[in-house]
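Novice: Okay, sequence plus prediction incoming.
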Amino acid sequence: MRKNRRRYLSFQIHSDTFSFDEKQIGTAIWKNLLSLYGEVAAADSKLYLVEYDTDTQTGVLQCTESSLSEVITSAVLIGYIGKSRVSFEPKKTSGTIKALKR
Amino acid sequence: MVVDIGVCSSDTKDLDSFVQMAQKIGFAGFATTNIEGAFDQQLENGFFILRRADVAGKGLKSIRKKVDDVRRNSMIVSVKLASIETANWAVEESKVDLLTLDHSQENRLRDTTARLAAKSGTSLEIRFEPLIELNGLNRSKVIKVYREAIRTATDSGMQVVLSSGARYPLQMRSVVSIRYLGELLGMEPKIAEYAIKQAPLDIVERNRIRFRSEYVTDGVEVIQGGFEK
């Protein structure tokens, strides 16, 4: 069986407030993925928030290659985190974190 | 150059924040219903704001009158998808650029309407703002309506345009994001990209030519003025 490769996605959150932590971002994406594509797809995505900088509101997500499209779509559809309006912008995707930051 | 032709700012005071957000996510301009002054404005930094008019009414007669009234001072004219009679008239009318799908209405896009639109060059506008605002069952219903309409349009050769329908700046999304939303709605990646990048720009360019003083009708322009004898 072919190993399902990982993909990394760098992103930026646009919002009026700077009060989100990693957990809030991760939960918001996970919830939307679950709502949009279901429990199996959410589990198979192996979604993980690698890092998030609260100052620049940028971060890196990790997921499987096959679920990358679903993860991005779910993240893009996030309208709110808590009570704050947000806009998720995918920046770059890559197979390694090193290449992502190049 | 990418243009979002479906911004719905409720107040002219919000325009600055819309411009800021649009520039951050890589847009060169947008069209909105609420602007003062000229219908094609260019800011100092090159960003342009266009006026659009959303026409809706009870009957065909009132819609016709409204379209005639707004066409002269709007870069984009859109008619909401309503009854068959209105929709079929709108897609054949050269003054109308877009047929906008309203997810809250029960009217669906019919094959016949889509085929007429494919011939005349009127596009189907899909606004993704409800997808961001809603969730769960309500969002699922919107996705169903949108997917059906997009399939009908593409099967008949009708152009689809993806726009934000943003009422707040943070409802706007970047081109890459919208491409993924297009895929969610059943579009091929290339077609989705065309629906964001090229299709709106084509409408704007076509209308800019129409607004030139030399323009007479499609394919006919005044090249050199003559003298009356």
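Specialist: Thanks, I have it. As the structure is a prediction and not an experimental result, all values here were calculated from the model.

Novice: A helix includes A:E51, no?
Specialist: No - when classified by DSSP: H, G, I helix; E, B strand; the rest coil, A:E51 is found to be strand rather than part of a helix.

Novice: and it, how many residues sit next to it?
Specialist: 12 (other C-beta atoms under 10 Å in any protein chain shown). From N, CA and C alone the C-beta is placed, and that goes for glycine too.

Novice: Now do the SS call for B:D68.
Specialist: helix.

Novice: SS state for the nearest residue to it once chain neighbours are set aside?
Specialist: With C-beta to C-beta, 6 or more residues apart in numbering or on different chains as the criterion, B:D68 has its nearest non-adjacent residue at 7.3 Å, and that residue is B:K95. Secondary structure state of B:K95, per three-state DSSP, is coil.

Novice: wait, B:K95 sits on B:I76?
Specialist: No - using C-beta atoms under 8 Å, B:K95 makes no contact with B:I76, being 11.2 Å away.

Novice: quick revisit: show me what contacts the residue nearest to B:D68?
Specialist: B:67-68, B:71, B:77 (C-beta atoms under 8 Å, 6 or more residues apart in numbering or on different chains).

Novice: who touches B:E193 in this structure?
Specialist: Counted by C-beta under 8 Å, 6+ apart, B:E193 has contacts B:175, B:179, B:182.

Novice: Check the gap between A:L33 and chain B for me.
Specialist: 12 Å (C-beta to the nearest C-beta, to the nearest Å).

Novice: any low-confidence regions in chain B?
Specialist: B:229 (pLDDT under 70).

Novice: what about the strands in it?
Specialist: Counting by DSSP state E, chain B has strands at residues B:3-7, B:29-32, B:40-42, B:48-55, B:76-80, B:98-100, B:123-127, B:160-163, B:215-217, B:220-221.

Novice: hang on, the earlier thing: out of the contacts of B:K95, the closest to chain A would be?
Specialist: Chain A has its nearest neighbour among the contacts of B:K95 in B:V77, at 28.0 Å by C-beta to the nearest C-beta.

Novice: which bits of chain A sit near chain B?
Specialist: By C-beta under 8 Å from any C-beta of the partner chain, the residues of chain A that approach chain B are A:14-16, A:32, A:35-36, A:69, A:72-73, A:76-79, A:85-90.

Novice: So which of these belong to helices?
Specialist: For the residues of chain A next to chain B, the ones inside helices are A:32, A:35-36, A:69, A:72-73, A:76, with DSSP state H as the criterion.

Novice: So for the spatially most central residue of chain A, what's the nearest residue that isn't a sequence neighbour?
Specialist: Centroid-nearest residue in chain A: A:L61, 4.7 Å away (criterion: C-alpha atoms, centre = their mean). With C-beta to C-beta, 6+ apart as the criterion, A:L61 has its nearest non-adjacent residue at 4.5 Å, and that residue is A:L9.
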